[in-house]
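Chemist: predicted model and sequence follow; I will ask about them next.
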Amino acid sequence: DVQLVESGGGSVQAGGSLRLSCSASRYTASRAWFRQAPGKEREGVARIYRASGRIDYAASVLGRYTISQDAENMVFLQMNSLEPEDSAMYYCAAGAPDGATWYDRNEWKYWGQGTQVTVS
């Protein structure tokens, strides 16, 4: 199993920035960020591969969000130019198989507890 812990959420004004962090209890081949607003489906935001560094983004965040990683099993999500529509619970995910459709929540086995982002 993998334990994931997110942090860094909060409340900001539109146009502001936040940086989310996701720690993992062990190495993961890839990690993703998802978000879920009340009454909406959980949607994939970004994904990064540990070894290759390959990155994918949802169209809705391209150019505003940046996913990155360090050498200590930490993954980050830098969120700039935040909009009220970005308000959601943000989740870190791991455990998707190779070749998975990364933005499909059902592909991911492990999830963190989430961190709330509110943009007003």
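Modeler: It's in. Keep in mind that this is a model prediction, so the values were computed, not measured.

Chemist: where does the prediction get shaky in this structure?
Modeler: Of all residues in the chain, none has pLDDT under 70.

Chemist: which stretches of it form strands?
Modeler: In the chain, the strands defined using DSSP state E lie at 4-7, 10-12, 18-24, 30-36, 43-49, 55-57, 65-69, 74-79, 88-94, 110-111, 115-119.

Chemist: what residues does the last one touch?
Modeler: Judged by CB atoms under 8 Å, 6 or more residues apart in numbering, the contacts made with strand 115-119 from elsewhere in the structure are 6-14, 16, 18, 20, 35, 79, 82-90. To be clear about C-beta, it is placed using only N, CA and C from the backbone, and glycine gets the same treatment.

Chemist: just the fifth one next, same as before
Modeler: Under the contact criterion CB under 8 Å, 6+ apart, strand 43-49 has outside partners 29-36, 54-58, 61, 65, 67-69, 75, 77, 90, 102-105.

Chemist: buried among those? Make that a PyMOL selection.
Modeler: Only the buried entries of those go into this PyMOL selection, using 16 or more other CB atoms under 10 Å:
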select buried, resi 30+31+32+33+34+35+56+57+58+61+65+67+69+75+77+90+102+103+105
